[in-house]
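Q: Sharing a sequence plus its predicted fold:
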Amino acid sequence: MKKNFGMTLIEVIISAGLLSIISILSFLAIQSSVKSSSLAFAQNEIDSALRNTFNELTNLVKQAYTEASTNVTPPTAPPGVEPIQITNNGKGLRFFLPVRVNTPAFFQSSGPILINFENEDMGNATNPPNALLDPGEDANNDGTLTRRLVIQRGNNRTGVGSANCISNVSFQLLPDRSSSSNFLNVLYVYLEGTMRMGPGEGPIIRSELTGTIKLEN
C-alpha cells in the first residue's frame with residue numbers, strides 16, 4: 001500500500017496558527033525595541049542639552065561677585081558692585097563680573113548681567129504645559145516653542161547653552177559648607193527638560209539635572 005506523506009488540514013491550520021503567533025511576537029519585539037531606542041535617544045538628547053546649558057551657565061557665573069567681596073570691610077569688589085541675587089521667584093539671576101582693564105586697579109566691574117528663564121509653553125488651568133507650540137504661545141514670533149535660559153548684557157540677549165527644551169528652572173544661593181563663613185557663595189541649580197518623543201503628540205519625555213557652582217568672588 002502506498003503511504004501518503006502529505007499534511008492533513010488540521011496540521012496545516014495548526015502550522016499556520018503557530019506561524020502567525022511567531023510573526024506577531026516578532027513584530028511586538030521589534031516594535032518594543034524601536035520604542036526603547038527612540039525613548040533612549042530622546043532621553044539622551046534632553047540630558048545632553050541640559051548638561052550643555054549647565055556647563056555654559058557655570059562658565060558665565062562662576063566669577064560673579066558675592067557677599068564675600070562686597071559685604072566685607074573694606075570691600076574687595078570695585079565700587080558700585082552688588083552681590084549676586086536670585087530674581088523672578090528663583091528663576092533668574094542678577095550679577096556683576098570683574099573686567100580686566102589696563103589701569104593700576106587691574107579690574108573694574110561689568111554692568112549688571114541678567115539671566116532669565118523664557119518659557120512660551122505656559123498652558124492654562126484646563127490645558128497644562130504640553131511641550132507643543134499651541135495657538136497664542138509664540139510670543140517672539142519665531143515659529144518654535146521657546147524654552148531656554150537667556151543672558152542679557154545691556155541690550156544684547158543670547159541663549160545660554162543649547163537647550164531649548166527647559167520646562168522648569170530653580171536657582172538658590174547657599175553657604176559654602178567647606179568654609180567657616182556664612183557667605184552665600186554657592187549657586188544651586190535645578191534644570192528640568194521635557195520633549196515629545198517622535199513627531200506630533202508622542203509621549204512626553206522628562207529629565208532633570210541638579211548641580212552646584214562655586215562662586216569665586
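A: Yes, it's here.
Q: Starting from the strand ranked longest in the chain, tell me which strands it pairs with and how they run.
A: What stands out as the longest strand in the chain, according to DSSP state E, is strand 184-196. For strand 184-196, the paired strands and their directions (DSSP bridges) are strand 166-175 (antiparallel), strand 204-214 (antiparallel).
Q: Any idea which of the ones you listed gets closest to residue 87?
A: Of all the strands paired with strand 184-196, strand 166-175 sits nearest to residue 87, with 8.6 Å by Cβ to Cβ. Placement of C-beta: from N, CA and C, glycine included.
Q: contacting residues around residue 172?
A: 86, 90, 187, 188 (Cβ atoms under 8 Å, 6 or more residues apart in numbering).
Q: Could you give the bridge partners of it?
A: Beta-bridge pairing of residue 172 under DSSP bridges involves residue 188.
Q: Distance check, it against residue 95.
A: Separation of residue 172 from residue 95 (Cβ to Cβ, to the nearest Å) stands at 14 Å.
Q: quick check, distance from stretch 137-155 to the centre of its chain.
A: 15 Å (Cα atoms, centre = their mean, to the nearest Å).
Q: ok, residues contacting it?
A: With Cβ under 8 Å, 6+ apart as the criterion, stretch 137-155 contacts 53, 57, 60, 110-111, 113-122, 131-133, 157-161, 163-167, 169.
Q: Including distance to residue 20 and mean pLDDT, could the strands paired with strand 184-196 go into TSV?
A: As requested, these are exported to TSV (distance: least, Cβ to Cβ, whole Å; pLDDT from 0 to 100):
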stretch	distance to residue 20	mean pLDDT
strand 166-175	44	94
strand 204-214	34	92
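Q: Columns distance to residue 151 on top of the ones you listed, output as a markdown table?
A: Output for the strands paired with strand 184-196, formatted as a markdown table (distance: least, Cβ to Cβ, whole Å):
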| stretch | distance to residue 151 |
| --- | --- |
| strand 166-175 | 13 |
| strand 204-214 | 15 |
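Q: Specify the stretch among those strands that is closest to residue 195.
A: strand 204-214 (5.1 Å).
Q: In the closest one, which residues are buried?
A: By 16 or more other Cβ atoms under 10 Å, the buried positions in strand 204-214 come out as 205, 206, 207, 209, 213.
Q: Kindly export it (C-alpha atoms) in PDB.
A: Taking C-alpha atoms only, strand 204-214 is exported to PDB below (Å, rounded to 0.1, in the frame of the first residue of the first chain):
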ATOM      1  CA  ILE A 204       6.400  63.400  26.900                       C
ATOM      2  CA  ILE A 205       9.900  62.500  28.000                       C
ATOM      3  CA  ARG A 206      11.200  64.300  31.100                       C
ATOM      4  CA  SER A 207      14.700  64.700  32.600                       C
ATOM      5  CA  GLU A 208      16.300  66.600  35.500                       C
ATOM      6  CA  LEU A 209      19.700  68.000  36.200                       C
ATOM      7  CA  THR A 210      20.900  69.400  39.500                       C
ATOM      8  CA  GLY A 211      24.300  70.800  40.400                       C
ATOM      9  CA  THR A 212      26.200  73.500  42.400                       C
ATOM     10  CA  ILE A 213      28.500  76.200  41.200                       C
ATOM     11  CA  LYS A 214      31.200  77.500  43.500                       C
END
